[in-house]
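> here is a sequence with its predicted model. Questions after.
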Amino acid sequence: MKQGINLGYVCSRRNSEEKRDFTEALALCRNAGFTEFDYLSSVLTDDYRETAHFCREALDRAGCTVHQSHCPFFRYQEKGIRQFRKFAPRAVEAASVLGAKYLVIHADEYRPAGAYEPDDVFERNYDLMAPIVELCLKYGISPAFENLFEDHLSGPSERSRFCAEPEELLALVERFHDPRVGVCLDSGHAQCSRGKAHIGVLELLEKHLFCTHIHDNYYGGDLHLPAFFGTIDWERFMHRLSVSGYSGNFTWELVYGRFPDPLLPDYLAFLHRIGEYLLNMRTE
């Protein structure tokens, strides 16, 4: 099993809207020991193909690879479904250029206007995702649907988010009847949705597990912290991952918090060391 990291996190700078140069971000990660990434180049502008090719060339020169890409999601934006339909196909194409094996997808774009009716929500999300799954398979990419958690957009006690329950995610994946369609297991989301029973999410989904998003939190908050900075039971998590037979990448997904430039190399190196410690748990 290899360690990976969300490269987009490293591209972002502290207290600035300006992105770090892509090649500089690559070098920072490479020097810390990371060579495989979760990354999708921008697909929001019409030159997205050229952008993807530029990034692929830089990755090749650095001896690095994109293991998985993350499809953009627009749940929290106006006209989100329309945005998804426009940009998700671009994401598949860009992921192919980058060489990604997997495209991680949030299957929660459709939001019911009234009460959450599970059967209706399932069918509408399936219909929305099916063309993207088909396009992924055409490009030789395996779609990996991510376990999510309830965000209560319809009210503090109302269901509103599909795949917030891992059983819904399992049913969606199995609906495609194709072994090339699977799951991205998000450790932090598992704890957000199931609390102390978060290992049960892994147990339920493990036979379809393609890739991971690894991060920690405290119960109830999606904080995207490094392991051991929160309350996930990493000893049990790594044991279950080992028992499952999973041999894919162990990919950090850090999205919040930015370190000053002088501290970032040390932080990334420490993060890599934490990953090594966790992976060694599997062999003990």
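Yes, it's here. Numbers count the residues shown, from 1 in each chain.

> part of a strand, is Phe210?
Yes: according to DSSP: H, G, I helix; E, B strand; the rest coil, Phe210 belongs to a strand.

> the nearest residue in space to it that is not next to it in sequence: neighbour count?
Excluding its sequence neighbours, the residue lying closest to Phe210 (C-beta to C-beta, 6 or more residues apart in numbering) is Gly182, at 4.0 Å. Every C-beta, even on glycine, is put in place using the N, C-alpha and C of the backbone. Here the number of neighbours of Gly182 (other C-beta atoms under 10 Å) works out to 21.

> cool, Ala197 as well?
Neighbours around Ala197, by other C-beta under 10 Å: 11.

> cool, Ala269 as well?
14.

> so which elements touch the lengthiest helix in the chain?
In the chain, taking DSSP state H as the definition, the longest helix is helix 118-138. In this structure, helix 118-138 packs against helix 80-98, strand 102-105, strand 142-146, helix 166-175, with contacts taken as 3 or more C-beta pairs under 8 Å, 6 or more residues apart in numbering; DSSP states H and E.

> winner for burial among these?
With neighbours defined as mean count of other C-beta atoms under 10 Å, those peak in mean count at strand 102-105, which reaches a mean of 27.

> excluding chain neighbours, what is closest to Tyr116?
Arg159 (3.8 Å).

> hmm, back to that, touching, the residue nearest to Phe210 and His208? I think so.
Yes: taking contacts as C-beta atoms under 8 Å, Gly182 lies within contact range of His208: 4.4 Å.

> joint contacts of these two?
Counting by C-beta atoms under 8 Å, 6 or more residues apart in numbering, the shared contacts of Gly182 and His208 are Val173.

> ok so, going back, got JSON lines for the helices and strands packed on helix 118-138, with distance to His152 and mean pLDDT too?
Shown next, in JSON lines, are the helices and strands packed on helix 118-138 (distance: least, C-beta to C-beta, whole Å; pLDDT from 0 to 100):
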{"stretch": "helix 80-98", "distance to His152": "17", "mean pLDDT": "97"}
{"stretch": "strand 102-105", "distance to His152": "22", "mean pLDDT": "98"}
{"stretch": "strand 142-146", "distance to His152": "18", "mean pLDDT": "98"}
{"stretch": "helix 166-175", "distance to His152": "16", "mean pLDDT": "98"}
